[in-house]
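Engineer: Below is the structure, and that's it, no one-letter string:
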């Protein structure tokens, strides 16, 4: 796909999912039907929620998810690196994170990374949207529909396109901060 086609696809994706001022996706998905986030028809709700609500849980077992509920970001990240048969160096280099920063994450179980760092690791590890949400949650973050940057990253994750250069190119095109 060439650059202009990708920019156009991302523009359509942003138009479909971007909601200025929305709290976050986790909050929107967890609201009860009696407390609607905004007033749209049930058909629109179904279509609107489809990509965001479809979670690639495929091979994830309930028991494993329950065991991971209280996992810190550091532990979860290191486990995910091992599960993907990557070396730590491969993971942090692919995430554009320097060795010293990764060392802080690895050696301080309660280290609080930036949201951008968490997303960089999600991309480097080629996580599903569901796994990305879990990793973000373990660091105290959530994806936001009011963040064009988050929407752009979600577009790439949903489309299983984990090329950091392509993601940076689109982020730059939309005036968002890039992964460095």
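Structural biologist: Nice, I can see it. All values reported here derive from a predicted model rather than from experimental measurement.
Engineer: now the biggest helix by length in the chain, how far from the chain's geometric center?
Structural biologist: As assigned by DSSP state H, the longest helix anywhere in the chain is helix 3-17. Distance, stretch centre to chain centre, for helix 3-17: 17 Å (C-alpha atoms, centre = their mean, to the nearest Å).
Engineer: now stretch 151-169
Structural biologist: On C-alpha atoms, centre = their mean, the centre of stretch 151-169 falls 10 Å from that of its chain.
Engineer: now swap in stretch 10-25 and tell me
Structural biologist: Using C-alpha atoms, centre = their mean, the offset of stretch 10-25 from its chain centre is 14 Å.
Engineer: One more: stretch 140-147?
Structural biologist: 9 Å.
Engineer: Figure out the length between the terminal residues of that stretch.
Structural biologist: Using C-alpha to C-alpha, to the nearest Å, the gap from the first to the last residue of stretch 140-147 comes to 16 Å.
Engineer: Return the set of buried residues in the longest helix of the chain.
Structural biologist: 6, 10, 13, 17 (16 or more other C-beta atoms under 10 Å). Every C-beta, even on glycine, is put in place using the N, C-alpha and C of the backbone.
Engineer: pLDDT added to those, as TSV?
Structural biologist: Compiled in TSV, the buried residues of helix 3-17 are given as follows (pLDDT from 0 to 100):
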residue	pLDDT
6	92
10	94
13	94
17	91
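Engineer: Tabulate these in CSV, adding columns for distance to residue 136.
Structural biologist: Below are the buried residues of helix 3-17 laid out as CSV (distance: C-beta to C-beta, whole Å):
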residue, distance to residue 136
6, 24
10, 20
13, 19
17, 17
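Engineer: Pick the one among those residues closest to residue 161.
Structural biologist: residue 6 (8.6 Å; C-beta to C-beta).
Engineer: so how many other residues sit close to the closest residue to that closest one other than its chain neighbours?
Structural biologist: The shortest distance from residue 6 to any non-neighbouring residue, by C-beta to C-beta, 6 or more residues apart in numbering, is to residue 170 (6.4 Å). When counting by other C-beta atoms under 10 Å, one arrives at 21 neighbours for residue 170.
Engineer: my read: residue 170 touches residue 153, true?
Structural biologist: No. Using C-beta atoms under 8 Å, residue 170 is not in contact with residue 153, being 9.4 Å away.
Engineer: Pull up the overlap in contacts between these two.
Structural biologist: Taking C-beta atoms under 8 Å, 6 or more residues apart in numbering as the contact rule, residue 170 and residue 153 have no neighbour in common.
Engineer: Where does the prediction get shaky in this structure?
Structural biologist: 22-69 (pLDDT under 70).
Engineer: ok now do residue 71, which residues does it touch?
Structural biologist: 79, 138.
Engineer: That one: what secondary structure?
Structural biologist: coil (DSSP: H, G, I helix; E, B strand; the rest coil).
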